[in-house]
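[1] My questions are about this predicted structure, shown below with the sequence.
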Amino acid sequence: MVAEVIYVVFKLAKIRGGMKTIYTIKAIEKDGAQPLLQNIGNIDDWHEKRSKIHQDWLNCIGGLPPLVKPEMKINSWEIFTDYYLINICYATVFEDWVPANLLVPKLQQVENLTSKSDVLFLLNCTNSKPFPAVIALHPTSDNGKDDICTTAGRKNRQYGLELVKRGYVVLAPDTITAGERVLPNDNPFQTATFDKKHPEWSAVAKMIIDHQQGISLLEELSIVDNTNIGAIGHSLGGYNSFFLAGIDRRVKAVVCSCGFSLFAQDPEQHRWGRREWFSHIPKISDYINEGIVPFEFTEIAALVAPTPLFMWMGQNDHIFPHWESAAKGLVELNTLYEWMETGERFTSLIGNSGHDFPSEIRQLAYSFLDQWLS
């Protein structure tokens, strides 16, 4: 019954103080979360609810500091038949630097790159029409960014490489704990060192802010059409894509492959909380240990609306096996987009594959980006 689904108010001063609207795990396991449009009569009602979801999300992940001025270091570059691959680092908060690959479609007027000055000329070239851009976010791979934008990447993961060949400038950063960001005494995807240094923050917040800084960098490049920047990712990169777009309206289209997962029916209860390896949002475990959660991920994905959003999931996904509950979440998102009269901006697909981003789905995803970023 709907009455049983409605969230319950608890006073949990030990977790964050004051009165707070949250869900019991028992309720969402039985009936799911509160419908997105429950008690929403008009767009102002939705904006008020969205603002609350947004603030609750920020509180849970530990907040986001102000962005710093875009800054870039050029490390090396390679020239391929139809694109350039430039290895860079860009500035982010707390005096950190994000290693990234920047892929640029080949320009006739720039044949050779023999110096950093040549690379800067390429990136700030005004002699051609600027390209749309995407920030391409990698899945859980020790190789990080290289998994998606080099020929050494795994099958069905080279979406960064495929998109530059399609005419996009592609920025592919390493997330913390992956690729060039694995600390000397750590293994890939171990966040214990980060969590110890930032006990009130979270890996999710760190990834969001690093990716926001990537958007700021793309905006600075003359070769980029800064009104047409999208985000794409698979698995870890999939949810990072819609997490980013829900926070930052500069993202104009989003593709999430196998990254939409709910608390409801999840067999891994602390997936999003404290774990022995990659702890996304440590505070989540404090809630779960009390039998509650502060939101459902349908609400976090709803922060993206009305930005164009493409969702793909597989029914045989061994990482996220609880696809049925996620499918109900997709119905909720579709209802929201339709209610906002932007139904054409939402696409969701469910197939019988596993935790994969098959070629035919990637082609549909790329066409979706073409539609909204051209």
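    Received, thanks.

[2] From His318, how far off is His355?
    If you measure His355 against His318 using Cβ to Cβ, to the nearest Å, the figure is 6 Å. Heads up, the C-betas are built off the backbone N, CA and C, glycines and all.

[3] When the two are compared, which one has more neighbours?
    His355 (19 against 8; other Cβ atoms under 10 Å).

[4] ok, now which ones touch the more buried one?
    Counting by Cβ atoms under 8 Å, 6 or more residues apart in numbering, His355 touches 235, 258, 314, 317-320.

[5] Quick one: which of the residues you listed is the most crowded by neighbours?
    Of all the contacts of His355, Cys258 has the most neighbours under the rule other Cβ under 10 Å, reaching 27 neighbours.

[6] what's the helix or strand for the residue lying closest to Ile319 once chain neighbours are set aside?
    Leaving aside its chain neighbours, Ile319 sits nearest to His355 (4.6 Å; criterion: Cβ to Cβ, 6 or more residues apart in numbering). Remark: His355 resides in no helix or strand, with elements defined by DSSP states H and E.

[7] Check Lys252 too.
    Using DSSP H and E, Lys252 maps to strand 251-257.

[8] Check which helices and strands that strand sits against.
    strand 224-234, helix 236-247, strand 309-314, helix 359-373 (3 or more Cβ pairs under 8 Å, 6 or more residues apart in numbering; DSSP states H and E).

[9] can I assume Ser285 is in contact with Ile292?
    No - Ser285 lies out of contact with Ile292 (Cβ atoms under 8 Å); the separation is 11.5 Å.

[10] Contacts only, for the residue nearest to Leu107 when sequence neighbours are not counted.
    For Leu107, ignoring the flanking residues on the chain, the nearest one in space by Cβ to Cβ, 6+ apart is Ser128 at 6.0 Å. Ser128 makes contact with 107, 109, 223, according to Cβ under 8 Å, 6+ apart.

[11] For the second one, which non-adjacent residue is spatially closest?
    Ranked by Cβ to Cβ, 6+ apart and with sequence neighbours excluded, the top spatial neighbour of Gln109 is Asn127, at 5.6 Å.

[12] can you check Thr298 too?
    Gly329 (4.0 Å).

[13] Near that neighbour, how many other residues are there?
    Gly329: 25 surrounding residues under other Cβ under 10 Å.

[14] returning to what we had before: with mean pLDDT and distance to Glu48 as added columns, please give the helices and strands packed on strand 251-257 in CSV.
    Shown next, in CSV, are the helices and strands packed on strand 251-257 (pLDDT from 0 to 100; distance: least, Cβ to Cβ, whole Å):
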stretch, mean pLDDT, distance to Glu48
strand 224-234, 98, 26
helix 236-247, 99, 17
strand 309-314, 98, 21
helix 359-373, 99, 27
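
[15] Could you work out which of the ones you listed reaches nearest to Gln265?
    Distance to Gln265, taken as Cβ to Cβ, is lowest for strand 309-314 among those, at 13.5 Å.

[16] outside of that closest one, which residues touch it?
    So strand 309-314 is contacted by 242, 245, 253-258, 260, 301, 320, 323, 326-327, 330, 333, 337, 345-357, 361, 364-365, 368-369 (Cβ under 8 Å, 6+ apart).

[17] follow-up on the earlier one: closest to Arg50 out of the helices and strands packed on strand 251-257?
    Ranking the helices and strands packed on strand 251-257 by proximity to Arg50 (Cβ to Cβ) places helix 236-247 first, at 9.5 Å.

[18] Now do the buried residues in that closest one.
    Neighbour-count burial for helix 236-247, with 16 or more other Cβ atoms under 10 Å as criterion, is recorded at 236-247.

[19] Per-residue pLDDT of the residue nearest to Ile319, please?
    On pLDDT, His355 comes in at 98.

[20] do the same with Val110
    With respect to pLDDT, Val110 scores 76.

[21] Assign Gln269 to helix, strand or coil.
    Classification of Gln269 by DSSP: H, G, I helix; E, B strand; the rest coil places it in coil.

[22] Ramachandran angles for it?
    Main-chain torsions, Gln269, degrees, to the nearest 10: phi -60, psi -40.

[23] tally of neighbours for Trp97?
    Neighbour count of Trp97, defined by other Cβ under 10 Å: 17.

[24] gap between it and Cys89?
    Distance, Trp97 to Cys89, by Cβ to Cβ: 4 Å.

[25] between these two, what contacts are shared?
    In contact with both Trp97 and Cys89: Lys73, using Cβ under 8 Å, 6+ apart.

[26] so can I have JSON lines of the helices and strands packed on strand 251-257 showing distance to Pro188?
    Output for these, formatted as JSON lines (distance: least, Cβ to Cβ, whole Å):
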{"stretch": "strand 224-234", "distance to Pro188": "17"}
{"stretch": "helix 236-247", "distance to Pro188": "12"}
{"stretch": "strand 309-314", "distance to Pro188": "24"}
{"stretch": "helix 359-373", "distance to Pro188": "25"}
